[in-house]
Structures are given as C-alpha cells and as structure tokens.
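Participant: this is a predicted model, with the sequence first.
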Amino acid sequence: MKNVTSLSVSGLRKLVIIAKKQHLINKTKPIIINPSESVKNLLHMSGIMTFFQLISMVS
C-alpha cells in the first residue's frame with residue numbers, strides 16, 4: 001500500500017483482517033509505504049502497529 005493518508009473505521013478493520021491473514025499464510029507483515037502522520041498515529045493508538053511494517057521513502 002502506497003501513500004496512505006487516511007483510514008476509516010471499516011478500512012482499519014479490513015487492514016487488520018488482511019494483516020492477520022497474511023501473517024498466518026506466510027509469516028510476514030503488510031508493508032505501508034509513506035503513511036501520513038495521522039495514519040501512523042491511528043495505528044499506534046489502536047494498538048495494531050505491530051501488525052504492519054511502515055516504510056517512509058523520500059522521493
């Protein structure tokens with residue numbers, strides 16, 4: 001996922017489901033590239049940051 005700037009509650013739920021399925025299948029974490037600060041804060045505050053790998057790339 002690239003340049004994620006916002007998440008709705010249903011979008012957050014879908015991301016968690018995807019992350020859990022991906023981890024069960026191949027033991028990896030979904031990668032979120034260039035997330036906005038609000039998305040980082042949301043993932044951190046909701047306690048699901050550990051399910052994702054965040055990458056910030058300068059272009």
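Facilitator: Looks like it came in fine. Keep in mind the model is a prediction, meaning the values are calculated, not measured.
Participant: quick one: the residue most central in space within the chain from residue 24, how far?
Facilitator: With distances taken as Cα atoms, centre = their mean, the residue of the chain nearest its centroid is residue 52 (4.8 Å). The gap separating residue 52 from residue 24 is 15 Å, by Cβ to Cβ, to the nearest Å. Where C-beta positions appear, they are placed from N, C-alpha and C, glycine not excepted.
Participant: same question, residue 17
Facilitator: Distance from residue 17 to residue 24, counting by Cβ to Cβ: 11 Å.
Participant: for residue 33, same thing?
Facilitator: In this view, residue 33 and residue 24 are 23 Å apart by Cβ to Cβ.
Participant: so these two - more neighbours on which side?
Facilitator: In terms of neighbours (other Cβ atoms under 10 Å), residue 33 is the more surrounded of residue 33 and residue 24; the figures are 13 against 8.
Participant: dig out what the more buried one forms beta bridges with.
Facilitator: Following DSSP bridges, residue 33 is listed with bridge partners residue 2, residue 55.
Participant: if I read this right, it contacts residue 55, doesn't it?
Facilitator: Yes: counting by Cβ atoms under 8 Å, residue 33 sits close enough to residue 55 to count as a contact (4.9 Å).
Participant: sec struct for the nearest residue to residue 48 once chain neighbours are set aside, please.
Facilitator: Here the nearest residue to residue 48 in space, its sequence neighbours aside, is residue 16; by Cβ to Cβ, 6 or more residues apart in numbering that works out to 5.6 Å. Following DSSP: H, G, I helix; E, B strand; the rest coil, residue 16 is assigned to helix.
Participant: measure residue 16 to residue 28 for me?
Facilitator: Taken as Cβ to Cβ, the spacing of residue 16 relative to residue 28 amounts to 15 Å.
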